[in-house]
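Q: predicted model and sequence below, questions to follow.
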Amino acid sequence: MGMIGNRLPLTDVMSRLAYARPVFHSEADFQFAFAQTVWSMDPDIKLRLEVPARNPLTRRAEYIDLVCIGDSVTRVEFKYATRKWEGTDGITDELFLLRDHAAMDLARHGFVHDVFRLERLTADGDSNGLAIMLTNSPSLWNPGAATSRDAAFRIDEGRTLTGELSWGTPDSPYPKNDRTLGGRYTAHWRDFSTPVGSEFRWLGWTITSPAS
């Protein structure tokens, strides 16, 4: 499992975060709470949210969710894909009203696209990346249809993604959504929290340059 700034194990941060914040209102809430947790565990790690980076292909600015600067640089991308749920976090009386992200195929594509981007951004060999998916939707960790348009992008438990990933079906391809991964990534989902009536799990992939 990856390190943050070459100082903090990601698993330690997620365990601490789950203890304090079992549920989040939104992806932005998740990002902010994660950054707060990193700072509380190691105040010497500098944190920057929504950092712009230049895409060398399009020359447009794109944004990294979180950059952690410690003994090395770690870029972090977050995905928080939820199904509808209402309840409290089991710690306070705070009410959470999670909406239903119906298009889980797009959630998978978004997560893989984060990995694709982080591979490019860590190509200099001086940094690493972390792609994190947190969800209460079992459809993301359970096996699904092998003929769906996102079949190559599925991140079911135990599945490995690498190389060319094609989006669509033989009858309806969509090359614009294809992605090629230089690394090899296997899905090992971890428990996060179990608020009443729901279950959250998370997946984290470490991205480094081939030379690292």
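A: Now that the structure is in, tell me what you want to look at. Residues are numbered from 1 along each chain as shown.
Q: and the residue lying closest to M41 once chain neighbours are set aside, its phi and psi?
A: Nearest non-adjacent residue to M41, counting by C-beta to C-beta, 6 or more residues apart in numbering: L8, 5.8 Å away. Every C-beta, even on glycine, is put in place using the N, C-alpha and C of the backbone. Per-residue torsions, L8: phi -120, psi 130 (degrees, to the nearest 10).
Q: beta partners for L8?
A: Beta-bridge pairing for L8 (DSSP bridges): I4.
Q: could you report the neighbour count for it?
A: Applying other C-beta atoms under 10 Å, we find 20 residues neighbouring L8.
Q: does I64 touch N55 like I think?
A: No - using C-beta atoms under 8 Å, I64 makes no contact with N55, being 11.5 Å away.
Q: these two: who's more crowded?
A: I64 (19 against 12).
Q: partners of that one in the sheet?
A: Note on I64: beta-bridge partners V51, judged by DSSP bridges.
Q: distance check, it against F96.
A: 27 Å (C-beta to C-beta, to the nearest Å).
Q: run through the residues that contact the residue nearest to M41.
A: Neighbour list for L8: 38, 41-42, 45, 70 [criterion: C-beta atoms under 8 Å, 6 or more residues apart in numbering].
Q: which other residues reach the helix ranked longest in the chain?
A: Taking DSSP state H as the criterion, the chain has its longest helix at helix 104-121. Residues outside helix 104-121 that contact it (C-beta under 8 Å, 6+ apart): 53, 56, 62, 64, 75, 77, 79, 81, 101, 127, 129-131, 133, 135, 137, 139-140, 148-150, 153-155, 161, 165, 167, 177, 179-183, 185, 203, 205, 207, 209.
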